[in-house]
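# Provided below are the primary sequence and the corresponding predicted coordinates.
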2 protein chains.
Amino acid sequence: MKPKGAFEKLKQQDRVIRRNIIMDSAERVFATNPFHKVSMRDIAREAGIATSSIYTYFPNQETLFVEAAIRDTDILISKLREYLESSREVQVEEFINIFIDYFITHDAYFRMVSLFMLYGSISPDLVEKVNVITRSLLDVFDTLFRKKGCTGDVRMLSHVFFAALGGILISYRKYPGRSEEEIIRHMKRLGTIAKEMIEAYIRR
Amino acid sequence: MKPKGAFEKLKQQDRVIRRNIIMDSAERVFATNPFHKVSMRDIAREAGIATSSIYTYFPNQETLFVEAAIRDTDILISKLREYLESSREVQVEEFINIFIDYFITHDAYFRMVSLFMLYGSISPDLVEKVNVITRSLLDVFDTLFRKKGCTGDVRMLSHVFFAALGGILISYRKYPGRSEEEIIRHMKRLGTIAKEMIEAYIRR
DNA sequence: TGTACATCAGTGAACGCGCGTTCACTGATGTAC
DNA sequence: TGTACATCAGTGAACGCGCGTTCACTGATGTAC
């Protein structure tokens, strides 16, 4: 074994940076191509490296995609947590806005996640990672409902609300014949209605 | 032009039947393979014909998939309409059950539709067909809410409810480590909560 | 009834293409003495 | 300081494969006379 000095540490940091560059490139390609036209060659071109170099950082394509999705979920969770902790009076509507905005501005991420949900058979060693991050995300929803004075089976509420927001995103993302602004406005309006339903249900 | 007698009619009926056989085969392949492993060769093998024969009935793969999805949506709409018309006292819960059951028992159909929503760039001549059928489906939701004594902006309610059910389906379809029965039970429980939210909102 | 011709669903082989991944190799950098 | 060697990120070409689609052709069936 080698000594794990500062050099070794720097090297590892480099590795993380390079992995991030590749994941960024993957998302840019995902954002501009239909999923079946996203290839390792395209990703490498976008990153400015040889196709084979990707395999220095990721064992295969699936791992690259899943790890990119996990990374983005981490960021989303941070944003939501930050809002819940920083704000004095938490607003469900603002929470929804942060959630929807993140997916709209990270369309590639949204498409990756949706594909995993549809496909549903990622390799076993990745499944556990995905489960952990999914639970963390649902935990954030739990916190929201607790802050709004909810007691009892909060988790089920989180499931429904998470699913509803995801459904709104996937159902109206490509509303034919509408501009992007109109679509976003429509999604947020639906989000507001969903919020009012939740609140009516809580107050019930 | 040829005379359009009984013979001609029979031929056309044959054509419809054959098209349906191919669409059925496509769905069976879709149901057992991840989407990127669904090929024209697999579909042909499933149907017991030569790959090239598919092109006698469908101009290309995309049209085959979209037309299969449209056909299934038609059937779903019929089932929902039938319930709304036949039942004396319409139950939202039963409506949800019919909706969820249909997608669970037609997983291939669900995956096709989800893919179109994700992909979002089917060819222009198919878009209009899809729009028409989507509106019809939302109309059925409208009817449900009207029957439950709703007035005003029913359409937005339909959008939210449709999205929520779709979101539940896509989010929990592949709940890791759960049996199919558990998953269905979970989905229906979430559907029930969604129903209670809607009703709390209406009564508000 | 028999014969020549037309139609057309269905076929099998082939075309051209792009994919994920592998691998022997390069060349810059660090290490040992 | 100089030299020989080790390491390893990065490369370009290739492998094997499966895809959607096309097309000249077959052969069963219907039509005309």
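All right, it came through fine.

# how long is stretch A:44-53 end to end?
End-to-end distance for stretch A:44-53, by C-alpha to C-alpha, to the nearest Å: 8 Å.

# and it, anywhere near DNA strand D?
Yes. Stretch A:44-53 reaches DNA strand D (C-beta under 7 Å from any atom of the strand) through A:49-53. For glycine as for every other residue, the C-beta is placed from the backbone atoms N, C-alpha and C.

# Closest residue of chain A to DNA strand D?
In chain A, no residue comes nearer to DNA strand D than A:Ser52, which is 2.6 Å away by C-beta to the nearest atom of the strand.

# for DNA strand C, what are the nearby residues on chain A?
Residues of chain A found near DNA strand C (C-beta under 7 Å from any atom of the strand) are A:7, A:37-42, A:51-52, A:55, A:60-62.

# got those as JSON lines, with pLDDT, secondary structure and neighbour count columns?
Shown next, in JSON lines, are these (pLDDT from 0 to 100; DSSP: H, G, I helix; E, B strand; the rest coil; neighbours: other C-beta atoms under 10 Å in any protein chain shown):
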{"residue": "A:Phe7", "pLDDT": "68", "secondary structure": "helix", "neighbour count": "10"}
{"residue": "A:Lys37", "pLDDT": "91", "secondary structure": "helix", "neighbour count": "10"}
{"residue": "A:Val38", "pLDDT": "95", "secondary structure": "coil", "neighbour count": "22"}
{"residue": "A:Ser39", "pLDDT": "97", "secondary structure": "coil", "neighbour count": "13"}
{"residue": "A:Met40", "pLDDT": "98", "secondary structure": "helix", "neighbour count": "17"}
{"residue": "A:Arg41", "pLDDT": "97", "secondary structure": "helix", "neighbour count": "12"}
{"residue": "A:Asp42", "pLDDT": "97", "secondary structure": "helix", "neighbour count": "18"}
{"residue": "A:Thr51", "pLDDT": "98", "secondary structure": "helix", "neighbour count": "14"}
{"residue": "A:Ser52", "pLDDT": "97", "secondary structure": "helix", "neighbour count": "9"}
{"residue": "A:Tyr55", "pLDDT": "97", "secondary structure": "helix", "neighbour count": "14"}
{"residue": "A:Asn60", "pLDDT": "96", "secondary structure": "coil", "neighbour count": "11"}
{"residue": "A:Gln61", "pLDDT": "96", "secondary structure": "helix", "neighbour count": "15"}
{"residue": "A:Glu62", "pLDDT": "94", "secondary structure": "helix", "neighbour count": "15"}
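
# Can I get those in TSV including distance to A:Ala200?
Formatted as TSV, those follow (distance: C-beta to C-beta, whole Å):
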residue	distance to A:Ala200
A:Phe7	60
A:Lys37	44
A:Val38	42
A:Ser39	48
A:Met40	49
A:Arg41	51
A:Asp42	47
A:Thr51	54
A:Ser52	56
A:Tyr55	53
A:Asn60	47
A:Gln61	45
A:Glu62	42
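
# for chain A, which spans come out with low pLDDT?
Applying pLDDT under 70 to chain A flags the ranges A:1-7, A:120.

# what about 50?
Scanning chain A for pLDDT under 50 picks out A:1-3.

# how about the residue most central in space within it, what does it touch?
By C-alpha atoms, centre = their mean, chain A has its centre lying nearest to A:Thr73, at 3.8 Å. A:Thr73 makes contact with A:109, A:113, A:133-134, A:136-137, according to C-beta atoms under 8 Å, 6 or more residues apart in numbering or on different chains.

# and chain B, which of the residues you listed reach it?
Among the contacts of A:Thr73, no residue sits close to chain B (C-beta under 8 Å from any C-beta of the partner chain).

# Going by distance to B:Gly177, which of the residues of chain A next to DNA strand C wins?
Nearest to B:Gly177 among the residues of chain A next to DNA strand C: A:Glu62, at 19.5 Å, using C-beta to C-beta.

# you'd agree the closest one is up against A:Ser123?
Yes. With contact defined as C-beta atoms under 8 Å, A:Glu62 reaches A:Ser123; the gap is 6.5 Å.

# Would you mind naming what in chain A lies close to DNA strand D?
A:11, A:18, A:49-53, A:55-57.

# Quick check: of those residues, which lies closest to DNA strand C?
Of the residues of chain A next to DNA strand D, the one sitting nearest to DNA strand C (C-beta to the nearest atom of the strand) turns out to be A:Ser52, at 3.4 Å.

# hang on, the earlier thing: what two of the residues of stretch A:44-53 next to DNA strand D are the furthest from one another?
The distance between the two most remote of the residues of stretch A:44-53 next to DNA strand D (C-beta to C-beta) is 8.8 Å, for A:Ile49 and A:Ser52.

# The residue of chain A at minimum distance from chain B: neighbour count?
Residue of chain A nearest chain B, by C-beta to the nearest C-beta: A:Gly167 (2.4 Å). Counted with other C-beta atoms under 10 Å in any protein chain shown, the neighbours of A:Gly167 add up to 26.

# now A:Ile104
By other C-beta under 10 Å, 16 other residues sit near A:Ile104.

# ditto for A:Thr63
As a burial measure, A:Thr63 scores 16 neighbours (other C-beta under 10 Å).

# The residue nearest to the centre of chain A sits in which helix or strand?
Using DSSP states H and E, the element containing A:Thr73 is helix A:61-86.

# just checking, next helix/strand downstream of that helix?
Using DSSP H and E, the next helix or strand after helix A:61-86 towards the C-terminus is helix A:92-105.

# who's in contact with that next one?
A:75-76, A:79-80, A:83-84, A:87, A:109-110, A:144, A:148, A:165, A:168-169, A:184, A:187-188, A:191-192, A:194-195, A:198-199.
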